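> The sequence isn't on hand, but the structure is:
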């Protein structure tokens, strides 16, 4: 993570996704920890968190930072979660957050082997790419592929049964072991 953060800060002015943002500070102190990067757009702050692993706590931490800043009266444009690998564990909490909150979270992936950056002479090949597939399409994919179930409140036993049915399908496909 630290290497990625330093690379983003170093190449801030070269990264297309950062062109309309002013870099305010990296390792910005928050009441509940350190935000990796704080940036400013013309219409509010952009809170940026980086995570190497696929832990959903990264998304939850960013959501906490957004709400903390918002509660203190700061105008927030959006949050960015920058990860090395996009997985359902990272994406699903973002889907849930964006469905019910006006401050959206954008998802980005870093790449140290970007052919475009190597060929264009932008250095060691570092690239930063926004996840462009509409999140509702990804959510439908999670549901249809058996990684998630719809839930609108109600009977928890029925929800558990739906999860168990999905588990059987994932075991049959070889995507999950019986002991998980």
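Looks like it arrived, so ask away. All values derive from a computational prediction rather than experimental measurement.
> and the longest helix seen in the chain, what's its mean pLDDT?
For the chain, the helix that runs over the most residues, judged by DSSP state H, is helix 156-172. Mean pLDDT, taken over the full extent of helix 156-172, equals 80.
> wait, is residue 82 part of a strand?
Yes - counting by DSSP: H, G, I helix; E, B strand; the rest coil, one finds residue 82 located in a strand.
> Isn't it up against residue 52?
No - the pair residue 82 and residue 52 does not pass the contact test of CB atoms under 8 Å, sitting 9.9 Å apart. Where you see a C-beta, it was placed from the backbone N, CA and C, and this is true even at glycine.
> And the helices in the protein?
Ranges of helices within the chain are 2-10, 57-71, 88-100, 115-119, 135-144, 156-172, based on DSSP H.
> can you redo those helices as JSON lines with mean neighbour count and distance to residue 22?
Converted to JSON lines, the helices of the chain look like this (neighbours: other CB atoms under 10 Å; distance: least, CB to CB, whole Å):
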{"stretch": "helix 2-10", "mean neighbour count": "15", "distance to residue 22": "13"}
{"stretch": "helix 57-71", "mean neighbour count": "18", "distance to residue 22": "16"}
{"stretch": "helix 88-100", "mean neighbour count": "17", "distance to residue 22": "24"}
{"stretch": "helix 115-119", "mean neighbour count": "13", "distance to residue 22": "22"}
{"stretch": "helix 135-144", "mean neighbour count": "14", "distance to residue 22": "27"}
{"stretch": "helix 156-172", "mean neighbour count": "13", "distance to residue 22": "45"}
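> Pick out the shakiest of those, pLDDT-wise.
Set side by side, those differ in mean pLDDT, and helix 115-119 is lowest with a mean of 43.
> Neighbours of residue 79, how many?
Here the number of neighbours of residue 79 (other CB atoms under 10 Å) works out to 26.
> again but with residue 76, I slipped
By the criterion of other CB under 10 Å, residue 76 has 20 neighbours.
> Kind regards, and thank you for your time.
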